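model the following, please.
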Amino acid sequence: MQKQAEIQKKLESEVIEIKKIEQEFTKVFKAKQSLVEKKSENEMVLAEFNLMSGEASVFKLVGPVLAKQDTAEAKGNVEKRIEFITKEIERMDKLEQDFQNKVEERRKNITKLQEDMRREFMKEQANLQAASGQQAQ
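Below you'll find the model as predicted:
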């Protein structure tokens, strides 16, 4: 009976860990969605830059003022931003995969613990039957 209680505690601990991992996964997933949206917006800006003629002017909002900015510099900034966002998305993908692997590992542990619990229960039942069989004689 004591062994079953230990197994039960381990099971509860594994379930708590899975919940923590899933919460972290949710945070990462939301952050990744936000990055994907930003990347899409920046790709649209880059497409607009590519459609611009050579004489077009680009302005940057600096506080309450629109300041003229070099087109090549503005385009370069957007390209760098897209590159950075892409790397962040890749990092988030890796984190998501790590979380999925951790959850899978915890689920395997839970399955093993459930098997251990079932074996212990069967042993206990066999011992009770053996004890009641000896008392009947």
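
so which elements touch the helix or strand that contains Gln125?
Element membership for Gln125 (DSSP states H and E) is helix 71-136. Helices and strands touching helix 71-136, by 3 or more C-beta pairs under 8 Å, 6 or more residues apart in numbering; DSSP states H and E, are helix 2-51, strand 58-62. Backbone N, C-alpha and C define where each C-beta goes, glycine included.

can you say which of these is nearest to Asn127?
Asn127 lies closest to helix 2-51 among the helices and strands packed on helix 71-136, at 12.3 Å (C-beta to C-beta).

what is that closest one packed up against?
helix 71-136.

just the mean pLDDT for the helix it packs on, thanks.
Average pLDDT, helix 71-136: 91.

and it, how far from the chain's centre?
On the basis of C-alpha atoms, centre = their mean, to the nearest Å, helix 71-136 sits 11 Å off its chain's mean C-alpha point.

who's in contact with stretch 111-126?
By C-beta atoms under 8 Å, 6 or more residues apart in numbering, the list of residues contacting stretch 111-126 from outside reads Met1, Lys3, Gln4, Ile7, Gln8, Lys10, Leu11, Glu14.

quick one, which of those residues are buried?
Ile7, Lys10, Leu11, Glu14 (16 or more other C-beta atoms under 10 Å).
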